[in-house]
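Visitor: Sequence first, then the predicted structure, then my questions.
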Protein chains: 2
Amino acid sequence: MNPTHAHLPAMTLALNERAQQLLKFVVERYIRDGQPVGSRTVSRESSLDLSPATIRNIMADLEELGLVSSPHTSAGRVPTAHGYRVFVDSLLTVRDLADVEVSNLRHQLAPGGETKRIVAAASAMLSEITSLAGVVMLPRREHVASRHVEFMGLTQNRVLVILVTNEKEVQNRIIHTSRPYTQSELQQAAAYLNEAFSGRDLPAMREGLIEEMHATREHMNQLMLAALEMASENSATEGDYVLAGQTNLMNYAEMSNVERLRQLFEAFNRKRDILHLLDQSLHANGIQIFIGEESGYEVLDECSVVTAPYATEGNVVGVLGVIGPTRMHYDRVIPIVDVTARLLGAALNQAN
Amino acid sequence: MNPTHAHLPAMTLALNERAQQLLKFVVERYIRDGQPVGSRTVSRESSLDLSPATIRNIMADLEELGLVSSPHTSAGRVPTAHGYRVFVDSLLTVRDLADVEVSNLRHQLAPGGETKRIVAAASAMLSEITSLAGVVMLPRREHVASRHVEFMGLTQNRVLVILVTNEKEVQNRIIHTSRPYTQSELQQAAAYLNEAFSGRDLPAMREGLIEEMHATREHMNQLMLAALEMASENSATEGDYVLAGQTNLMNYAEMSNVERLRQLFEAFNRKRDILHLLDQSLHANGIQIFIGEESGYEVLDECSVVTAPYATEGNVVGVLGVIGPTRMHYDRVIPIVDVTARLLGAALNQAN
DNA sequence: GGGTAGCACTCACCTGAATAGAGTGCTAAG
DNA sequence: CTTAGCACTCTATTCAGGTGAGTGCTACCC
């Protein structure tokens, strides 16, 4: 699933059925209680019918393989990032969501309203039902088709450029021109752009315009240039996300270290690292899971990130996911992220 | 300054010069170190030339007046909210900012760009130089003058309404109409609105339109109605703020209680309480300070909030301020908030 | 009467020792 | 291979004693 962990199936093979069951029990138990789990507990409460001593032997094997570790000599065992990885990859039984739940979610994520609002709703929804932090990248469309351009003269040398793309998104910006334009000049420029390029995507529009300019040897209209700049700049800027439920993270004991928490929150504000992580999932198809140090970012050392790309009209346009402690309920979180990605795609499709 | 504390000047009178100096020393010292300050420290390090025993006597008086309290019998004294209040109201010597600093700030808060960007910059600036959380309300203009309305037909029954107000703010929304409108209908409607109401503020526009409708007994154009709704809704919605540097708060020992911190952050997200508090400062002229429980919101019990209204073109349009532990450097924070409010007003005035 | 020295007292905090409890590794026997 | 038994390790808790900071009170002095 994840290239950096291609060796792990081999590790699973190294574990016999019994060891796998044991690991599974330990991980599930630790996820539930947050307490190191000892041999006696396993012996008593797992379906394995073995004495504590035997459990200890197997535990020692697991520890040697780096799947569990003990905080100190006389504590039970705690899963390591690798342990979680094996668990997630081959031991986890995902509980699919009931239809009722799915339709509840769909209901909450009603389409309509601006893209930004829908995205925010998805993020809030993720954080609410998982009790973790939800994160949703703003969709970045590959082909931004211009539908309509409009120039509106304001005072002096300021012109408002309005650009409608993809039938629904509206961008506007005020530009400062080097000379005043008359009303009719503005209309003319807009009419020209609309006629020549309506429906074509922005890169094409740009190409076309430059070509045209060369052909006619005419210095390009400053207005049009500005409109283009704005459009391309805007599609490049779209590396952004909406975060929700950060405060949920403060409820987890493993996050109670204020300093660590601060660094995590600062990473959220900085956005760069998180964005980079999400980007990695953009072209992986399906759920992607980063456990603990796997993410490569120190601030996420004790966190797991579960992501899924979402698509509109068959094209992947963004990634969403949740961020929480490594000790999270993967069996619930995974299907939730999965379904939400699909629902978000659908909601964006029929937006407005 | 604050109506609920009108009785406090009387309390200041009840303190002789010496007691005032003592209180001042205790507060300043506690702000500096965060440690309860004991009689010996005061005796040794304050300009008061008194023995510890005498200091203790005076301290006991201050405690009786509710200005200081001790965490336990053998700790030093710590200022109470009332103590800070007296300190701030009559003992504080505010250090005005040097001209260099002011021009630095002005430089950082360069005008230009959208309102939202300037506001965000102000908030970030506040939080950065105070190491507290900065908060800036979005400006709400009393008179939102319509400059230009434009209707743009999209597919089917969807129409994009574009409204330019105040020479620079652009609002747009897509509305669903009950029937398709032709291009010329749209132009006609826009032309009518522009001609009749351009430059008038929105409430006037609304009035005028409704009157007109009655006079001509004509059912009002659904488009125009929608445009109006949008405009008024939008000016009502403007109860919003931009927060920055929340993570700064995690550096203060008194905030290290994760649970309290969580509640505070949730209040930030909820926005309602904070907004209500800021509103109270909207029509107070000048700096307003809420210390500890004075704010009336439990989550702010150990916080102080320093606010100042800011104005564009002579009209107060918003409030900004900082939020931090009661133990903050009021002497620095107050002038910073004050100056920033003025700079923000100026930057918004010449925006674009 | 205000200021001060002295003193007994309180309380938080640190230290070290003792103890209980959980869990381990190892070994030897089944 | 499994398991019972045992010695061992380490944490957490408790308790006692000691220390230091700071207080309130009282008696004394100017």
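Guide: Yep, that arrived. Numbering: from 1, shown residues only, chains lettered A, B, ... in the order given.
Visitor: now the strands for chain A?
Guide: A:68-69, A:78-79, A:133-137, A:146-153, A:158-165, A:169-176, A:241-244, A:288-291, A:303-312, A:315-325 (DSSP state E).
Visitor: Now find how far off-centre the top helix by length along chain A is within its chain.
Guide: Secondary structure assigned by DSSP state H gives helix A:330-349 as the longest helix of chain A. On the basis of C-alpha atoms, centre = their mean, to the nearest Å, helix A:330-349 is displaced by 11 Å from the centre of the chain it belongs to.
Visitor: so what secondary structure elements neighbour that helix?
Guide: With contacts defined as 3 or more C-beta pairs under 8 Å, 6 or more residues apart in numbering or on different chains; DSSP states H and E, helix A:330-349 has these neighbours: helix A:99-108, helix A:115-130, strand A:303-312, strand A:315-325. The way it works is simple: take the backbone N, C-alpha and C, and place the C-beta from them, glycine included.
Visitor: Nearest to chain B among these would be which one?
Guide: helix A:115-130 (10.1 Å; C-beta to the nearest C-beta).
Visitor: for the record, mean pLDDT for the closest one?
Guide: Average pLDDT, helix A:115-130: 94.
Visitor: starting at the chain centroid, how far to that helix?
Guide: The chain centroid and the centroid of helix A:115-130 are separated by 12 Å under C-alpha atoms, centre = their mean.
Visitor: do the same with stretch A:161-169
Guide: Put simply, stretch A:161-169 sits 25 Å off its chain's centre (C-alpha atoms, centre = their mean).
Visitor: Can you name the residues that contact A:Val15?
Guide: Residue A:15: Leu, not Val. With contact set as C-beta atoms under 8 Å, 6 or more residues apart in numbering or on different chains, A:Leu15 has these partners: A:23, A:62, A:65, A:86.
Visitor: Ok, A:Tyr297 next?
Guide: Residues near A:Tyr297 by C-beta under 8 Å, 6+ apart: A:267, A:273, A:277.
Visitor: Swap in 7 Å and give it another go.
Guide: Shown in contact with A:Tyr297 (C-beta atoms under 7 Å, 6 or more residues apart in numbering or on different chains): A:273, A:277.
Visitor: Quick check: it vs A:Gly286, distance?
Guide: When distance is defined by C-beta to C-beta, to the nearest Å, A:Tyr297 is 22 Å away from A:Gly286.
Visitor: can you list the weak-confidence ranges in the stretch 201-350 of chain A?
Guide: Scanning the stretch 201-350 of chain A for pLDDT under 70 picks out A:203, A:216-223, A:230-238.
Visitor: thinking again about what came up before, which stretch among the strands of chain A is buried most, on average?
Guide: Of all these, strand A:133-137 has the most neighbours on average by mean count of other C-beta atoms under 10 Å in any protein chain shown, namely a mean of 27.
Visitor: who touches that one?
Guide: Applying C-beta under 7 Å, 6+ apart, the contact partners of strand A:133-137 are A:119, A:122-124, A:126-127, A:241-246, A:248-249, A:274, A:278, A:318-324.
Visitor: And stretch A:49-65, by the same measure?
Guide: A:11, A:14, A:18-19, A:22-23, A:39-40, A:42-43, A:68-69, A:77.
Visitor: Same list, these, but only the ones touching DNA strand D.
Guide: A:Arg18 (C-beta under 7 Å from any atom of the strand).
Visitor: of the contacts of stretch A:49-65, closest to DNA strand D?
Guide: A:Arg18 (6.8 Å; C-beta to the nearest atom of the strand).
Visitor: Show the contacting residues for the closest one.
Guide: Residues in contact with A:Arg18 (C-beta under 7 Å, 6+ apart) are A:48, A:58.
Visitor: Look at it and report its pLDDT.
Guide: At A:Arg18, pLDDT is 89.
Visitor: returning to that earlier point: the longest helix of chain A to strand A:315-325, inter-axis angle?
Guide: Angular relation of helix A:330-349 and strand A:315-325 on a 0 to 180 degree scale: 150 degrees, by axes from the mean of the first three to the mean of the last three C-alpha atoms, to 10 degrees.
Visitor: and A:Val306, what are its bridge partners?
Guide: Beta-bridge partners of A:Val306, counted by DSSP bridges, are A:Ile289, A:Val322.
Visitor: How much space separates it from A:Gly345?
Guide: Following C-beta to C-beta, the distance that separates A:Val306 from A:Gly345 is 17 Å.
Visitor: Also A:Ile162?
Guide: Separation of A:Ile162 from A:Gly345 (C-beta to C-beta): 28 Å.
Visitor: Equivalent analysis for A:Leu109, please.
Guide: To A:Gly345, A:Leu109 is 10 Å away according to C-beta to C-beta.
Visitor: In TSV: the contacts of A:Leu15, plus pLDDT.
Guide: Listed next are those as TSV, based on pLDDT from 0 to 100:
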residue	pLDDT
A:Leu23	94
A:Leu62	93
A:Leu65	92
A:Val86	95
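Visitor: In PyMOL, how would I select the buried members of the residues you listed?
Guide: In PyMOL, this line selects whichever of the contacts of A:Leu15 come out buried by 16 or more other C-beta atoms under 10 Å in any protein chain shown:
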select buried, chain A and resi 23+62+65+86
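Visitor: Among the contacts of A:Leu15, which ones are in helices?
Guide: The helices, defined by DSSP H, take in A:23, A:62, A:86 from the contacts of A:Leu15.
Visitor: Just name the closest of the contacts of A:Leu15 to DNA strand C, please.
Guide: DNA strand C has its nearest neighbour among these in A:Leu62, at 9.8 Å by C-beta to the nearest atom of the strand.
Visitor: For A:Ser47, see how far away that closest one is.
Guide: 17 Å.
Visitor: Identify the bridge partners of A:Gly318.
Guide: Legend: beta-bridge partners of A:Gly318 under DSSP bridges are A:Tyr310.
Visitor: and the gap between it and DNA strand C?
Guide: A:Gly318 sits 44 Å away from DNA strand C, taking C-beta to the nearest atom of the strand, to the nearest Å as the criterion.
Visitor: and if you look at A:Ser74?
Guide: Taking C-beta to the nearest atom of the strand as the measure, A:Ser74 and DNA strand C are separated by 3 Å.
Visitor: Spit out the contact partners of the residue in the stretch 101-250 of chain A that DNA strand C sits nearest to.
Guide: Using C-beta to the nearest atom of the strand, A:Met250 is the residue of the stretch 101-250 of chain A that sits closest to DNA strand C, at 24.3 Å. Residues near A:Met250 by C-beta under 7 Å, 6+ apart: A:261, B:258, B:261-262.
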